[in-house]
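1. sequence first, predicted coordinates after that:
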Amino acid sequence: MKYFILAGEKSGDLHGSNLVKEIHLIDKKAEIIGWGGDQMTSAGVEILVHHQELAIMGILGVLKNLFRLNKLFNLFTAQILEFQPDTIIFIDYGGFNLKAAKIAKQNGFYTQFYIAPKVWAWNKSRINSIKKWVDQLYVIFPFELALFKEKVISTHYIGNPLKDAIDTFVPNPEFRYKNNDYVALLAGSRRQEIKASLPIFEELVKSRPEQDFIIAGVSEFKDLYENCNIKVVYDQTYDVLTCSSAAVVTSGTATLETALLNIPQIVVYKTDWLFYNLAKMVIKINYISLVNIILDKPAVPELIQNEFNSKNIQAWLLKLVDKKSIEYRNQKSDYENLNELIGPTGASKLAAEKIVLFAKNQAK
């Protein structure tokens, strides 16, 4: 069977790599190409476009890159027409991937979407696009199943693949920083996020000389850290987190990873003024971190826009590094509830089984 996978960002690359490993176990003759990153490459995918080329954030980012986006969609069309895959798998990255799914469907290909677009957060009109352009939908949060099934979309809950990634994580025995006396700083996985977070992190470090800090950096954005005065460890995020006493985490997948690794955290986020104010008008949820969204409560503090500053981070850190504090104990208790809600491991395996079975049935 021939599979084309499109993962548009670093987290999708992680999930794509685990999915591909399971597909190869089921389909020994699988041919897999697509868009992704280094982890998918390591799993045996021929990467045609690296996800770095898709890193566009905010309304201004989209407007500035309309020509480039059009070229990317034209390239995608040409590649799937040449490869003629039995199925196309889209991983997360809702806005871009739904447009790509439309292109794929209009060209007669079977489409499967792994990690559904977060329509429950904003832009519920996308449900209509999903129904029209996606043959099979795989969701990773329990509450999503009823939402999509109500719209008569073929939907499967397969658990959360982050559980798989964390459960298969093997700590690096040569990791140098194992004293748990430092605070981990996660500036994000996109260029714009890192540029927004670094100045505030540097101010935080200057204001707390008695505390050690380590940034869990992403090597593909090494240039952004060249003039940074904070210690940076590249591409070892889980090692950095598991050996830390607490973490300051830019909102995104990393907030859930930090919780599943049982590390106390403060969630932060800052974006361009226009995108933030437009988003406030359309976003339908009360929280930005996945931890709080799943638990439907403020289990972890969220410092957004102007609240994301050194003073506020310091105040929360003092509470979360104290194991006797009510804030520390409450967060640990909420993490236990979160684990129960998400369920057991095996999401990647279950998704692969269903994806391969659907592809084979359509090929008959």
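-> That came through fine. Numbers count the residues shown, from 1 in each chain.
2. what helix or strand is residue 248 on?
-> strand 246-250 (DSSP states H and E).
3. following element in sequence after that strand, please.
-> That would be, after strand 246-250 and using DSSP H and E, helix 253-260.
4. what is the mean pLDDT for that next one?
-> Mean pLDDT, computed over helix 253-260, is 95.
5. what is that helix packed up against?
-> helix 161-167, helix 237-242, strand 246-250, strand 265-269, helix 290-295, helix 326-342 (3 or more C-beta pairs under 8 Å, 6 or more residues apart in numbering; DSSP states H and E). For the C-beta atoms, the positions are set from N, CA and C on the backbone; glycine is no exception.
6. just want the angle from the fourth one to helix 326-342.
-> Orientation of strand 265-269 against helix 326-342 (axes from the mean of the first three to the mean of the last three C-alpha atoms, to 10 degrees) gives an angle of 80 degrees.
7. for strand 265-269, what is the distance to the chain centroid?
-> Centre-to-centre, strand 265-269 and its host chain are 15 Å apart (C-alpha atoms, centre = their mean, to the nearest Å).
8. partners of that strand, with directions?
-> strand 246-250 (parallel), strand 302-304 (parallel) (DSSP bridges).
9. that older thread, now do the strand holding residue 248: distance to the chain's middle.
-> That offset, for strand 246-250, works out to 15 Å (C-alpha atoms, centre = their mean).
10. between the strands paired with strand 265-269, which gets nearest to residue 101?
-> strand 246-250 (27.7 Å; C-beta to C-beta).
11. which residues sit against the closest one?
-> Strand 246-250 has contacts (C-beta atoms under 8 Å, 6 or more residues apart in numbering) with 183-188, 193, 197, 201, 204, 241, 255, 258, 263-269, 313, 317, 320-321.
12. same check, this time on stretch 131-138
-> For stretch 131-138, the external contacting residues (C-beta under 8 Å, 6+ apart) are 90, 98, 101-102, 104-105, 110-116, 130, 148, 151-158, 351, 354-355, 358.
13. quote the end-to-end distance of it.
-> In stretch 131-138, first residue to last residue: 13 Å (C-alpha to C-alpha, to the nearest Å).
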